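Chemist: Just the structure for this:
(one chain, ligands or ions: 1)
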Amino acid sequence: MKKLIPVLVVMLSVCNSYAIMAQGFSGPAIRKVVIDPGHGGHDPGALSPDRKLREKDINLSVAKHLGAEINKKYPDIKVIYTRTKDVAVDLDKRGTLATQEDADLFISIHVNSAKRTTSAPVGPETWVFGGDRSRRKDDSYDVVLKENEVIKFEENYKTKYEGFDPDNPQSMIVFNFQKDAIMRQSRILGSCIQKSLRRGPLPGSQKDRGMKEGGFVVLAYCSMPAVLVETGFLNSSADRKILSTENGRRNIARQLMLGFEEYMKTYVQQELSPANKETPQTQYRVQILSSKEALPKSHPTLKAFPDTRFVLCNDQIYKYKYTLGNFPNKEEAQQYCNKLRKSDFPDAFVIAVKDGKLVPAN
Ligand SMILES: [Zn+2]
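Modeler: Next comes the predicted model:
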């Protein structure tokens, strides 16, 4: 474990800062997405029965379509790929890249396979990092083994992943860098994506193989919400029909994009609504600044005041109203506001919020 400690400390501190932001800073501030086309280079991933279709090629194509779909609708979101060519990338480096880039989301793209060939459609699965220790040997176990297997070909894998036995995905739990807040968001992202994939284009999608948890090395190194999608099964001729065409891959990417979009919406609701649900009456907060766009996590004010939350006012140009404090009455809020005016925010003023919306502060 010795060699891992510095990595662990870095990862934990990244997780911590993110978790604080996630709680204090609500909103769809997704600015960077890392898309990870699984496998590559000497590692083809799953193969079709005639060995002509290779998982690594499908993954890369779906990943590029997904990036294009995201940028078509959200040109401000920066899309970063872990690979854009047919090259091998170590599993730990994929997640680490996302962490170094301070990405907000990580989506790993894969294609599944099972031993027996079938003409029946099978469909997609979405995975998040986690592990049920009671489940030792079943289909899920196989998927995790297959996706982790490649580390055996990485240089120095025994030292690099010390403490991890690739034949036992449960040992991945010792690497559990992910904070609860991140895992919670990963599950929201995973269920949004799975729900969207259920609508197509794979014929077996409606059956819904669900969102699952497993000890994936690639996800363990991510310090942001992260999912691994198995878009379909290469051993199923029905799934192959979609997976083998460029159009099919684009349609899969489109569903992934819609799932991602749903996550952004859900995320706002999840982060903004709990407080409002508990307290349906008016709350008073102190507005310290407003902005046309969501501020990045690295913004000095958000860094200095991690409890900052915003109220979204879609009908205004400066629609993000950043606030501090939350009081049941205006007097307390005003006292707090006076303090803030004397220190960091001379222009601060009290606003009233009800059901997540700005209301007159009378
Ligand atoms: Zn794979």
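
Chemist: Can I take it that residue 68 is in a helix?
Modeler: Yes - counting by DSSP: H, G, I helix; E, B strand; the rest coil, residue 68 falls inside a helix.

Chemist: Residue 209 versus that one, what's the distance?
Modeler: Distance, residue 68 to residue 209, using C-beta to C-beta, to the nearest Å: 26 Å. All C-beta atoms are positioned from the backbone trio N, CA, C, and that covers glycine.

Chemist: and the residue lying closest to residue 248 once chain neighbours are set aside, helix, strand or coil?
Modeler: Spatial nearest neighbour of residue 248, chain neighbours left out: residue 242 (3.6 Å); criterion: C-beta to C-beta, 6 or more residues apart in numbering. On the three-state scheme (three-state DSSP), residue 242 is labelled helix.

Chemist: Residue 242 is in contact with residue 250, isn't it?
Modeler: No - taking C-beta atoms under 8 Å as the definition, residue 242 is not a contact partner of residue 250, at 10.4 Å.

Chemist: of those two, who's got more company?
Modeler: Neighbour totals were compared for residue 242 and residue 250, and residue 242 leads with 22 against 17 (other C-beta atoms under 10 Å).

Chemist: if I look at that one, how far off is the ion?
Modeler: In this view, residue 242 and the ion are 17 Å apart by C-beta to the ion, to the nearest Å.

Chemist: With residue 233 instead?
Modeler: Going from residue 233 to the ion by C-beta to the ion gives 12 Å.

Chemist: Secondary structure element holding the residue of the stretch 51-200 of the chain found nearest the ion?
Modeler: For the stretch 51-200 of the chain and the ion, the shortest gap (C-beta to the ion) falls at residue 110, measuring 3.4 Å. Taking DSSP states H and E as the definition, residue 110 sits inside strand 105-112.

Chemist: per-residue confidence averaged over the helix or strand just after that strand?
Modeler: Next helix or strand after strand 105-112 toward the C-terminus (DSSP H and E): strand 125-129. If you average the pLDDT over strand 125-129, you get 90.

Chemist: burial count for the closest residue to residue 147 other than its chain neighbours?
Modeler: Closest residue in space to residue 147, ignoring its immediate chain neighbours: residue 216 at 5.7 Å, by C-beta to C-beta, 6+ apart. For residue 216, the neighbour count with other C-beta under 10 Å is 27.

Chemist: closest point of the stretch 251-362 of the chain to the ion, which residue?
Modeler: Counting by C-beta to the ion, the stretch 251-362 of the chain gets nearest the ion through residue 252, at 14.5 Å.

Chemist: So which bits of stretch 31-50 are buried?
Modeler: 31-40, 43, 45-48 (16 or more other C-beta atoms under 10 Å).

Chemist: Could you chop this protein up by domain?
Modeler: Listed domain ranges for the chain are 2-269, 279-359 (source: automatic domain parsing).

Chemist: one step back: what about the residue of the stretch 251-362 of the chain closest to the ion, which SS state?
Modeler: Three-state call for residue 252 (three-state DSSP): helix.

Chemist: Next one: it from residue 59, what distance?
Modeler: Per C-beta to C-beta, residue 252 is found 11 Å from residue 59.

Chemist: contacting residues around residue 167?
Modeler: With contacts taken as C-beta atoms under 8 Å, 6 or more residues apart in numbering, residue 167 has the following neighbours: residue 145.

Chemist: Give the helix, strand or coil label for it.
Modeler: coil.

Chemist: For it, give me phi and psi.
Modeler: Dihedral pair for residue 167: phi -90, psi 0, per degrees, to the nearest 10.

Chemist: Relative to the ion, which residue of the stretch 151-300 of the chain is the closest?
Modeler: Sorted by distance to the ion under C-beta to the ion, the residues of the stretch 151-300 of the chain start with residue 230, at 7.2 Å.
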